[in-house]
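Okay, predicted coordinates and the sequence, questions at the end:
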Amino acid sequence: MNLENVFRKQRRQRRALEIEAGAESGTDWATTLLFSCLHDKYGFGRNRFAAMNDMWAHLDEFQEGFIFDWRDELCEHGFDRFLNERIAERMQKMITGRTRDLKLIAKTRDMIAGVAIVIFWTLYTKYKWRDKRLKDLQNYYKDKVYVLTHNEVPIWEFMKCLNVECNIDYPALEAYEKQNGPVDIYHGNRGKK
């Protein structure tokens, strides 16, 4: 095996890792913001989030294209697919930066949009949410994304809040805090009235 082939293989492996990291970040960010919306506005907590996570354990068993079927049915009940795609595009730009890697961009956007569809589908099927609540949640989600994309609140604070209040583990948050110190969601005011 010549040296050029070794370097080519390493570049392919590195690129595959970058694409996977983008997809995982997209999943974490979308889940975090939607869980934050559900926690803040609708009182969802540890038990409901754990139940939702358990429901998603078998997603890979669904037939290919199920996400599009779910999206189309949600659209009949107030979900705006175009708003979901715009949100995914905005968040993807924050995650991937100014990359021109089309595969990384597409995979990250797809994961962000797909996570929203899965969460909304769960609310639609398990909790019987329909037009008004689905629209309301999507607009609240849009507002959270605005706050995030305009650097008003970093994703780490949303993650830390869900970690503290709902016991949701984030390996990315642990790595971030190990490198940068603890995230202070109380801004030094913990325990003060």
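On my side now, so go ahead. Numbers count the residues shown, from 1 in each chain.

residues touching T31, list them.
115, 119 (CB atoms under 8 Å, 6 or more residues apart in numbering). For every residue, glycine as well, the C-beta is placed using N, CA and C.

can you pull the buried residues of the regular element (helix or strand) spanning it?
Take DSSP states H and E as the rule and T31 turns out to sit in helix 3-42. Residues of helix 3-42 classed as buried by neighbour count (16 or more other CB atoms under 10 Å): 18-19, 21-23, 25-39, 42.

wait, what's in contact with the most centrally placed residue in the chain?
Centroid check for the chain by CA atoms, centre = their mean gives A30 as the closest residue, at 1.7 Å. Shown in contact with A30 (CB under 8 Å, 6+ apart): 88, 91, 111-113, 115-116, 119.

could you redo those as JSON lines and give each row neighbour count?
JSON lines is the format used below for these (neighbours: other CB atoms under 10 Å):
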{"residue": "A88", "neighbour count": "23"}
{"residue": "M91", "neighbour count": "25"}
{"residue": "M111", "neighbour count": "24"}
{"residue": "I112", "neighbour count": "29"}
{"residue": "A113", "neighbour count": "23"}
{"residue": "V115", "neighbour count": "23"}
{"residue": "A116", "neighbour count": "27"}
{"residue": "I119", "neighbour count": "20"}
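
with these in mind, which one is nearest to H150?
M91 (12.3 Å; CB to CB).

Quick check: chain neighbours aside, which residue is closest to that closest one?
Nearest non-adjacent residue to M91, counting by CB to CB, 6 or more residues apart in numbering: I112, 5.2 Å away.

tally of neighbours for A175?
By other CB atoms under 10 Å, 10 other residues sit near A175.

Now the helix or strand where it lies: buried residues?
Secondary structure assignment for A175, by DSSP H and E: helix 171-180. Residues 172-173, 176-177 are the ones in helix 171-180 that count as buried (16+ other CB under 10 Å).

and the angle from that helix to helix 3-42?
Taking axes from the mean of the first three to the mean of the last three CA atoms, to 10 degrees, one finds that helix 171-180 is oriented at 100 degrees with respect to helix 3-42.

Who are the packing partners of helix 171-180?
helix 3-42, helix 155-166 (3 or more CB pairs under 8 Å, 6 or more residues apart in numbering; DSSP states H and E).

Quick check: next helix or strand after the helix holding T31?
helix 46-55.

Which positions in that following helix come out as buried?
Going by 16+ other CB under 10 Å, helix 46-55 has these buried residues: 48-49, 52.

outside of that helix, which residues touch it?
Contacts for helix 46-55 (CB under 8 Å, 6+ apart): 35, 38, 119, 122, 126, 166-168.
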